[in-house]
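[1] kindly generate the corresponding structure for this input.
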Amino acid sequence: MQRINRHKKALKKHLKDVFSSGITYAILALVFLLWRFALGYQFEWQSIEPFQQPSIFVRIFYSAFTFLTLGYLLYIAYFYKVLHDILVKSMGLWSLYNGIKAIVWAFLMFVSYQYIVPWLFSVLNAGVSILFNIANLVLYALPPVGISLVLSVIYFLLKNENRKTS
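    Below is the predicted model of the structure:
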């Protein structure tokens with residue numbers, strides 16, 4: 001309870017300073033916003049793709065990706081253990097076991113390359129594009145207001161810090 005009262009006292013004490021600097025920056029923001037509209041700037045949605053899908057020749061990437069995703073799922077499902085028990089323990093066919101593992105691995109890498117990685121990069125690019133456009137819209141609509149708020153908070157914090165040290 002005492003902590004809340006202390007914060008209320010600090011807010012009341014600095015309310016005039018915060019309000020006066022906030023008004024100054026709000027007026028400045030309004031002037032900049034009107035100037036921006038007067039110059040004819042318009043907001044336009046943009047599609048960006050900062051992440052590019054790697055080429056098929058990056059075998060190390062796809063091998064590691066497959067090992068950590070689909071290969072791990074097969075390992076958890078005991079696919080390799082069951083395959084080993086059937087082919088090696090019961091029949092002694094090491095070469096067939098290794099051949100089937102190689103075919104399964106090549107198929108998993110193909111699925112990763114053809115379907116999973118493109119989907120993953122599409123989702124990443126869509127997410128980054130949405131965040132970029134939201135930030136762009138905020139900067140288009142309210143750059144001076146945002147800058148004013150940030151500067152007001154920094155000013156208030158620095159002024160409060162200076163009062164503590166003096």
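[2] from now on I want contacts and neighbour counts done on CA atoms only, so please keep to that.
    Fine.
[3] per-residue pLDDT of the residue nearest the centre of the chain, please?
    Centroid-nearest residue in the chain, with C-alpha atoms, centre = their mean: residue 128, separated by 6.7 Å. On the pLDDT scale, residue 128 is placed at 86.
[4] work out for me the element residue 148 sits within.
    Element membership for residue 148 (DSSP states H and E) is helix 143-165.
[5] can I get that helix as PDB, trimmed to CA atoms?
    Extracted C-alpha coordinates of helix 143-165, given in PDB (Å, rounded to 0.1, in the frame of the first residue of the first chain):
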ATOM      1  CA  PRO A 143       5.500   8.600 -36.600                       C
ATOM      2  CA  PRO A 144       5.600  11.900 -34.800                       C
ATOM      3  CA  VAL A 145       3.300  10.700 -32.000                       C
ATOM      4  CA  GLY A 146       5.400   7.600 -31.400                       C
ATOM      5  CA  ILE A 147       8.600   9.600 -31.400                       C
ATOM      6  CA  SER A 148       7.000  12.100 -29.100                       C
ATOM      7  CA  LEU A 149       5.900   9.500 -26.700                       C
ATOM      8  CA  VAL A 150       9.400   7.900 -26.700                       C
ATOM      9  CA  LEU A 151      11.100  11.200 -26.200                       C
ATOM     10  CA  SER A 152       8.700  12.200 -23.400                       C
ATOM     11  CA  VAL A 153       9.300   9.000 -21.600                       C
ATOM     12  CA  ILE A 154      13.100   9.300 -22.000                       C
ATOM     13  CA  TYR A 155      13.000  12.900 -20.900                       C
ATOM     14  CA  PHE A 156      10.900  12.000 -17.800                       C
ATOM     15  CA  LEU A 157      13.200   9.100 -16.900                       C
ATOM     16  CA  LEU A 158      16.400  11.200 -17.300                       C
ATOM     17  CA  LYS A 159      14.900  14.100 -15.400                       C
ATOM     18  CA  ASN A 160      13.800  11.700 -12.600                       C
ATOM     19  CA  GLU A 161      17.200  10.100 -12.600                       C
ATOM     20  CA  ASN A 162      18.900  13.500 -12.300                       C
ATOM     21  CA  ARG A 163      16.700  14.400  -9.300                       C
ATOM     22  CA  LYS A 164      17.700  11.100  -7.600                       C
ATOM     23  CA  THR A 165      21.400  11.700  -8.000                       C
END
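[6] circling back to that earlier point, show me what contacts the residue nearest to the centre of the chain?
    Each residue near residue 128 by C-alpha atoms under 8 Å, 6 or more residues apart in numbering is listed here: 48-50.
[7] got CSV for these, with neighbour count too?
    Formatted as CSV, the contacts of residue 128 follow (neighbours: other C-alpha atoms under 10 Å):
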residue, neighbour count
48, 13
49, 14
50, 11
